[in-house]
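Q: Dropping a prediction and its sequence here:
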Amino acid sequence: MAGLYKALRKSRETTPHGSSKAMYFSLLEAAHIKRAGGPCAGFLAAQLQATRGHSTSMPTQAGQLNSWLAAHNETVGRQYQQYLASRQAGGPRRYFHSKAHALYFLRAVAPTKMVDGAWLYGVTRHWQDTRLASLIRIYLEELGDGAEAMNHVALYRKLLRVNGCDDWKTLDDQFFTQGAVQLALAANTETHLPEVIGFNLGYEQLPLHLLITAYELKELNIDPYYFTLHTTIDNAQTGHAHAAVEAVAEAMPLFGDSRQYMARVLAGVKLNDAGLSTLEIIRQFDLQQEVVRILQAKATIGRFMHANRCEIAGKSINAWLADSDQMVPFLHAMEKTGWIKRHHAPEESPFWKTFAGEKAPMFGVFTAYEQQVLYDWIAGDALENMPMLGRLGRPWRMVEKQGLAREAGKNNPHDNVYDLRTGGRIARLPVSHDFNQDQVSFECHVHSMDDGQALMEFLAGWLSPGKHHTPLGLCATRYFKSYLDSPF
């Protein structure tokens, strides 16, 4: 089975224009993503061609978009009510069989969530063009308007860290395609503005899977706030879904041929289908396969860490771990010798005791996510009968995120917003010390700039997908928004 898994994985490793993963990190880490547009133009063209034949319910006339939006939301709402009725009647979860399954999903979609909103970055260079106002508004709100507690990437990064899923950069190539598309749109906005607008229109529509995901994460003691935020901020009446429709009409005057414009917008909508879908990622989870993958990853170091006297089924543990293809037989050997007692409480298995608990000899070897996978696999058929604390962990604590954001603005000495047109500072410049010299230098440089256009160009560089969630990126976002909103 492990050999088959490797073959299937290898078959999806690359796109016709190279590795999605390599493209992803090349664009994310580029000093100037706009200058990286050329090398990824072929990748973007290939994805547009690959999704060209996909179907969509989006109308081809801009005047029909509001009706389409209303009908879509009504359909999704009715489907969600049907889901809730089935759950209240005792039906099982639709997506996640266990907490390990849900955490697998959080980790697998990380490459996309960690560039949330990236496709709109290119419009920040055109901040003076009122025909792009809705798009810029959406992008700044994706960035939390500079408040870390509301910045979507910062929120997801924290969600990953809390659940031990922050090793997402080791995922296979197939998980990076959608994120690479979003970054490629950011890098090629100058030549693909209608496609950016269309992609945004498709992405900001409320999907049924978002509602169900939030509901089931909460059941599994995983904070659903990142997902519930998107069900509110993307609403069709005043939120991003509505603004996305307005953006289509606002930008249309830029193009002489409205029919061709809408055709390109439609192509952008279809780009949302690039790469693995949410449901494909959920469905491909295999608990046994994930256990094998985790042991294979640990074996690269673990094969040197055990004394030769440590044997299972007459073979040293180092010898078992020396060959990654031996992980399935190794698991069988541990079951046969009683080291693992499947379909029982994991605490009854000696293998579990080697790493679970602060006094365990292998404490810290497995992340929280990896321990959850191993727990669910060992418990097997008895999982749902396990105590809730052991099966789901401690309940997540709901935090009033908006209140947290407001308090951050009041108490954080680095939370500076300065109206560069009127000269009014909302927060004073922090005193320089070893932990904030970059912040002070950044603000001094901002205040030394007299040219508004040059200033906004400089700030826009810090709003890039790879920087906006950093302390300086958040600071730049606050300055950018302050300057943009000034009436002078």
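A: Ah, there it is.
Q: Nearest residue to residue 96 in space, ignoring adjacent ones along the chain?
A: residue 102 (4.1 Å; Cβ to Cβ, 6 or more residues apart in numbering). No exception for glycine: its C-beta is placed from N, CA and C like everyone else's.
Q: can you map out the strands along the chain?
A: Under the criterion DSSP state E, the chain contains strands at 311-312, 315-316, 418-419, 424-425.
Q: you'd agree the residue nearest to residue 96 is up against residue 214?
A: No: contact criterion Cβ atoms under 8 Å: residue 102 and residue 214 do not qualify, at 11.1 Å.
Q: ok, and for stretch 210-229, which residues are buried?
A: Neighbour counts over stretch 210-229 (16 or more other Cβ atoms under 10 Å) mark 210-218, 220-229 as buried.
Q: Break the chain down into its domains, please.
A: 2-283, 287-392, 412-485 (automatic domain parsing).
Q: can you count the residues close to residue 110?
A: 23 (other Cβ atoms under 10 Å).
Q: Check the gap between the closest residue to residue 391 other than its chain neighbours and residue 186 for me.
A: Nearest non-adjacent residue to residue 391, counting by Cβ to Cβ, 6+ apart: residue 383, 6.4 Å away. Going from residue 383 to residue 186 by Cβ to Cβ, to the nearest Å gives 42 Å.
Q: Give me the more crowded residue out of those two.
A: Shown here are residue 383 and residue 186; by other Cβ under 10 Å, residue 186 has more neighbours (30 against 21).
Q: residues touching the spatially closest residue to the more buried one that is not a sequence neighbour, list them.
A: Take residue 186 and drop its neighbours on the chain: the residue closest to it by Cβ to Cβ, 6+ apart is residue 121, 4.1 Å away. Shown in contact with residue 121 (Cβ atoms under 8 Å, 6 or more residues apart in numbering): 33, 139, 186, 189, 463-465.
Q: most surrounded residue in those?
A: Most surrounded of the contacts of residue 121: other Cβ under 10 Å gives residue 186, at 30 neighbours.
Q: which ones are touching it?
A: 27, 33, 118-122, 464-465.
Q: And residue 457, by the same measure?
A: residue 125.
Q: Pull up the gap between it and residue 103, please.
A: From residue 457 to residue 103 the distance is 41 Å (Cβ to Cβ).
Q: burial count for the closest residue to residue 41 other than its chain neighbours?
A: Ranked by Cβ to Cβ, 6+ apart and with sequence neighbours excluded, the top spatial neighbour of residue 41 is residue 188, at 5.9 Å. By the criterion of other Cβ under 10 Å, residue 188 has 23 neighbours.
Q: So residue 188 sits against residue 42, correct?
A: No: using Cβ under 8 Å, residue 188 is not in contact with residue 42; the gap is 10.5 Å.
Q: just for the stretch 151-300 of the chain, where's the confidence low?
A: Scanning the stretch 151-300 of the chain for pLDDT under 70 picks out 234-238.
Q: Could you rerun that using 80?
A: 232-238 (pLDDT under 80).
Q: same question, the stretch 1-150 of the chain
A: Looking at the stretch 1-150 of the chain by pLDDT under 80, you get 1-18, 31-39.
Q: The residue most central in space within the chain and residue 316, how far apart?
A: When the chain is reduced to its mean C-alpha position, the closest residue under Cα atoms, centre = their mean turns out to be residue 113, at 1.5 Å. Distance of residue 113 to residue 316, given as Cβ to Cβ: 41 Å.
Q: follow-up on the earlier one: in contact with the residue nearest to the centre of the chain, which residues are there?
A: With Cβ under 8 Å, 6+ apart, residue 113 has these contacts: 152-153, 156, 226.
Q: what distance separates the longest helix belonging to the chain from the centre of its chain?
A: Secondary structure of the chain per DSSP state H: the longest helix is helix 65-88. Distance of helix 65-88 from the chain centroid (Cα atoms, centre = their mean, to the nearest Å) equals 24 Å.
Q: now do stretch 176-186
A: With Cα atoms, centre = their mean, you get 12 Å for stretch 176-186.
Q: now swap in stretch 140-155 and tell me
A: The answer for stretch 140-155 is 13 Å, by Cα atoms, centre = their mean.
Q: and what of stretch 41-58?
A: The answer for stretch 41-58 is 22 Å, by Cα atoms, centre = their mean.
Q: swap in stretch 365-373?
A: For stretch 365-373, the distance to the chain centre is 20 Å (Cα atoms, centre = their mean).
Q: quick one: contacts of that stretch?
A: Under Cβ under 8 Å, 6+ apart, the answer for stretch 365-373 is 99-100, 103-104, 107, 163-165, 167, 287, 290-291, 294, 298, 302, 355-356, 374, 393.
Q: Now do the helices in the stretch 251-400 of the chain.
A: 258-270, 278-283, 287-302, 317-321, 327-336, 350-353, 368-379, 388-392 (DSSP state H, counting those that start in this stretch).
Q: so which of the ones you listed is the most packed in?
A: helix 368-379 (a mean of 22; mean count of other Cβ atoms under 10 Å).
Q: list the contacts for residue 384?
A: residue 391.
Q: Tell me how far it lies from residue 129.
A: 56 Å.
Q: How are the helices of the stretch 101-250 of the chain distributed by residue range?
A: 110-113, 133-142, 152-162, 177-187, 193-203, 208-219, 225-233, 240-251.
Q: gap between residue 387 and residue 354?
A: 21 Å.
Q: The two: who's more crowded?
A: residue 354 (15 against 9).
Q: ok, the nearest residue to residue 193 once chain neighbours are set aside - contacts?
A: In space, and not counting its chain neighbours, residue 193 is closest to residue 251: 6.8 Å by Cβ to Cβ, 6+ apart. Counting by Cβ under 8 Å, 6+ apart, residue 251 makes contact with 131-132, 135, 193-194, 197.
Q: among the residues you listed, which ones are buried?
A: 132, 135, 193-194, 197.
Q: What is the nearest of those residues to residue 52?
A: Each of these was scored against residue 52 by Cβ to Cβ, and residue 194 proved nearest at 14.5 Å.
Q: Isn't the closest one up against residue 269?
A: No: between residue 194 and residue 269 there is no contact, the gap being 10.4 Å when judged by Cβ under 8 Å.
Q: if we can go back for a sec, which of the contacts of residue 121 sits closest to residue 349?
A: Distances from residue 349 to the contacts of residue 121, taken by Cβ to Cβ, are shortest for residue 465, at 43.3 Å.
Q: which one is the closest one nearest to, not counting chain neighbours?
A: residue 118 (3.9 Å).
Q: Contact partners for the closest residue to residue 159 other than its chain neighbours?
A: Spatial nearest neighbour of residue 159, chain neighbours left out: residue 226 (5.5 Å); criterion: Cβ to Cβ, 6+ apart. Applying Cβ under 8 Å, 6+ apart, we find residue 226 in contact with 113, 152, 155-156, 159.
Q: how near is residue 459 to residue 448?
A: Taking Cβ to Cβ, one finds residue 459 at 13 Å from residue 448.
Q: hmm, back to that, tell me how far the residue nearest to residue 96 lies from residue 366.
A: Distance from residue 102 to residue 366, by Cβ to Cβ: 18 Å.
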